[in-house]
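**Student:** For reference, the sequence and a predicted model appear below.
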Amino acid sequence: MTVDNNIHQKNKKSSEAQLRASAKYQAKTYKNRTICIKLKDIDAIEAFLNSRNQSATQYFYSCLKRDGVIE
């Protein structure tokens, strides 16, 4: 019987330096905003977004562009 001592180790796809660089870029480029959605509405919203093949962020940006807030 063989024992795999590495069973709990995960194969990292990114180095620690890459993770730090990505976090630094994220922090200087983006600002997160949170919205609250009623649980009764979430299924309808997700179905709508899936029907349009869009994420919530993509839909939000399309609305902002449509209303002339951003280019």
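**Tutor:** Done, it's in.

**Student:** The residue nearest to Ile37 when sequence neighbours are not counted: helix or strand, and which one exactly?
**Tutor:** Leaving out its chain neighbours, the residue that sits closest to Ile37 by Cβ to Cβ, 6 or more residues apart in numbering is Ile45, at 6.5 Å. C-beta coordinates here come from the backbone N, C-alpha and C atoms, glycine included. Per DSSP states H and E, Ile45 falls inside helix 39-52.

**Student:** Moving C-terminal from that helix, which element do we reach first?
**Tutor:** Sequence order places helix 56-66 as the next helix or strand after helix 39-52, per DSSP H and E.

**Student:** Does anything pack onto that following helix? Which helices or strands?
**Tutor:** Counting contacts by 3 or more Cβ pairs under 8 Å, 6 or more residues apart in numbering; DSSP states H and E, helix 56-66 packs against helix 39-52.

**Student:** Show me which residues of the helix it packs on are buried.
**Tutor:** Buried residues in helix 39-52, counting neighbours by 16 or more other Cβ atoms under 10 Å, are absent.

**Student:** So what touches the helix holding Ile45?
**Tutor:** Here helix 39-52 makes contact (Cβ atoms under 8 Å, 6 or more residues apart in numbering) with 37, 55-56, 59.
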